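*Asks:* Requesting a structural model of the entry that follows:
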Amino acid sequence: MRRGVVEFACLVAPYVLVAAGIMAYNYARFGSLTDFGANYNLTVNDMTKRGMNVGRLAPAFFTYFLQPPCMTGVFPFLQPAPFETTYMGQTIKEVTFGGILACLPILWVLAFTRRILGMRARQAETRTIFGIIVVLVVSGVLVALLDAELAGISAMLDSMSRAFALYPQGFLAQFRNSVGEGGLCFLLVAHIASDYGVVGCAYDSADWQYIALDVQADYMREGTVCHEIWHATENEIRSRDYTAFDWDQWNRLNPEGFLYYGDGTMQDPAQPWTLYSSAPEDVRFVDTYSCVAATEDRARIMEFFMTRDDEAELLIQSPYIRAKLQIMCDAVRRYFDTAGWGTPRWERLL
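*Replies:* Just a heads-up that it's a prediction; the model follows:
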């Protein structure tokens with residue numbers, strides 16, 4: 001018994017030390033050992049008024065652990081999983097792709113854990129391993145359910161973190177002005193009203209570049225974040241030099257006589273010159289949404305070169321797309337401090 005206690009203590013000691021450090025930081029910053037600052041997030045989910053409700057537990061357990069993945073025969077094959085609930089109240093749900101037990105069959109071995117551990121317990125002097133597995137399984141379920149109660153079923157912040165990691169160090173900080181004021185501000189909202197399914201938008205005010213993201217959109221991905229960051233980047237560049245993007249130079253790369261729609265509801269699905277509707281060397285636009293406006297044309301190009309490697313390999317074969325991307329890259333290097341960047345992700349195929 002004593003040996004088992006010693007082994008368990010050795011196992012948990014590093015976790016206790018890390019937890020103590022984090023709690024000390026919490027106390028120094030927020031005046032409480034258990035206050036991680038999540039209540040201060042200015043998002044659609046006000047955690048200070050969310051409360052606890054048993055009606056949210058069953059949908060959360062099913063979504064996190066049992067939800068089968070949603071597959072189609074069309075690329076990218078794996079689709080966002082549907083979410084239905086009879087809970088009579090508000091719950092926050094972002095896109096997920098299936099429960100952990102449904103997506104990782106290797107975990108099915110947990111069904112035989114009791115028998116296996118029983119054999120181990122009879123052969124061993126201690127039950128340390130048995131205790132560890134039980135603690136890990138129970139704590140995993142509790143964390144998932146508490147997360148759903150307190151924060152909602154969320155994947156948006158993970159998508160944002162992955163998107164930020166694609167940019168050179170220090171790039172996003174350069175949106176601040178010369179005295180360190182302003183910068184990028186992300187607004188996570190429950191819904192963006194539009195006639196054509198907008199899930200993100202960017203606008204500027206004074207020294208701030210604001211990016212609003214619909215956290216409940218089924219197709220919110222890193223690409224959307226990068227798309228909107230480009231809009232903010234272009235806004236920032238234009239605030240320094242409104243003539244940074246020469247209209248005539250850009251328009252010469254479009255088909256003769258082409259005019260942008262100017263309205264997202266007027267997209268033509270039969271539009272030629274887009275990826276998969278033309279030979280790679282003849283492509284002028286990523287897709288029909290790129291034909292809405294020159295700003296969307298550029299944002300779509302940046303989105304694909306940042307997050308869609310296979311499509312980017314095809315797009316770069318077009319001399320028109322290559323030239324458009326070069327114009328964008330030149331503008332960034334002209335108006336941002338690129339020292340130490342090396343080759344940023346959006347330039348890697350040039």
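
*Asks:* quick one: the closest residue to N254 other than its chain neighbours and D268, what's the gap?
*Replies:* In space, and not counting its chain neighbours, N254 is closest to R284: 5.7 Å by CB to CB, 6 or more residues apart in numbering. Quick note: C-beta positions are derived from backbone N, CA and C, even for glycine. For R284, the distance to D268 equals 14 Å [CB to CB, to the nearest Å].

*Asks:* Tell me where this protein has strands.
*Replies:* 70-71, 78-79, 183-189, 200-205, 208-214 (DSSP state E).

*Asks:* low-confidence ranges in the stretch 201-350 of the chain?
*Replies:* Along the stretch 201-350 of the chain, the model assigns pLDDT under 70 to residues 216-220, 264, 266-267, 269-270.

*Asks:* Just confirm F8 contacts I132, I think it does.
*Replies:* Yes: using CB atoms under 8 Å, F8 is in contact with I132, at 7.3 Å.

*Asks:* looking only at pLDDT, what's the mean for the longest helix seen in the chain?
*Replies:* Assignment by DSSP state H gives helix 2-30 as the longest helix of the chain. In this model, helix 2-30 has a mean pLDDT of 85.

*Asks:* that older thread, quick check: the residue nearest to N254 vs L104, distance?
*Replies:* 43 Å.

*Asks:* With V16 instead?
*Replies:* Counting by CB to CB, the separation of V16 from L104 is 29 Å.

*Asks:* R284 and L104: who's more crowded?
*Replies:* A side-by-side neighbour count of R284 and L104, using other CB atoms under 10 Å, places R284 first with 21 against 10.

*Asks:* any idea how far that one lies from V189?
*Replies:* R284 is 33 Å from V189, where distance means CB to CB.

*Asks:* Over to F258?
*Replies:* 34 Å.

*Asks:* and if you look at E84?
*Replies:* 23 Å.

*Asks:* So which of these two has more stuff around it?
*Replies:* Using other CB under 10 Å as the criterion, E84 and V189 rank with V189 on top: 15 against 7.

*Asks:* Contacts only, for the nearest residue to E303 once chain neighbours are set aside.
*Replies:* With CB to CB, 6+ apart as the criterion, E303 has its nearest non-adjacent residue at 4.1 Å, and that residue is H227. H227 is in contact with 200, 299-300, 302-303, counting by CB atoms under 8 Å, 6 or more residues apart in numbering.

*Asks:* between those residues, which is nearest A60?
*Replies:* Using CB to CB, G200 is the member of these that sits closest to A60, with 26.1 Å.

*Asks:* thinking the closest one is in contact with I211, fair?
*Replies:* Yes: using CB under 8 Å, G200 is in contact with I211, at 6.8 Å.

*Asks:* any shared contact partners between these two?
*Replies:* Taking CB under 8 Å, 6+ apart as the contact rule, the neighbours common to G200 and I211 are 225, 228.

*Asks:* Now do stretch 58-72: distance to the chain's middle.
*Replies:* 19 Å (CA atoms, centre = their mean, to the nearest Å).

*Asks:* State whether G98 and P68 are indeed in contact, as I suppose.
*Replies:* Yes: counting by CB under 8 Å, P68 is a contact partner of G98 at 6.1 Å.

*Asks:* okay, and the common contacts of these two?
*Replies:* By the contact definition CB under 8 Å, 6+ apart, G98 and P68 are jointly contacted by A81.

*Asks:* Compare those two and say which is more crowded by neighbours.
*Replies:* Neighbour count, other CB under 10 Å: between G98 and P68, G98 has more, with 21 against 11.

*Asks:* Need the nearest residue in space to the more buried one, chain neighbours excluded.
*Replies:* For G98, the closest residue by CB to CB, 6+ apart turns out to be P69, at 3.5 Å.

*Asks:* Can you tell me how far the one you found is from P82?
*Replies:* Using CB to CB, P69 is found at 11 Å from P82.

*Asks:* G37 too?
*Replies:* Relative to P82, G37 is positioned 33 Å away (CB to CB).

*Asks:* Give me the more crowded residue out of those two.
*Replies:* A direct count of neighbours by other CB under 10 Å for G37 and P82 places G37 higher, at 11 against 8.

*Asks:* Number of residues surrounding the residue lying closest to that one once chain neighbours are set aside?
*Replies:* Excluding the flanking residues, the one nearest G37 by CB to CB, 6+ apart is F30, at 5.9 Å. Around F30 there are 14 other residues, counting by other CB under 10 Å.
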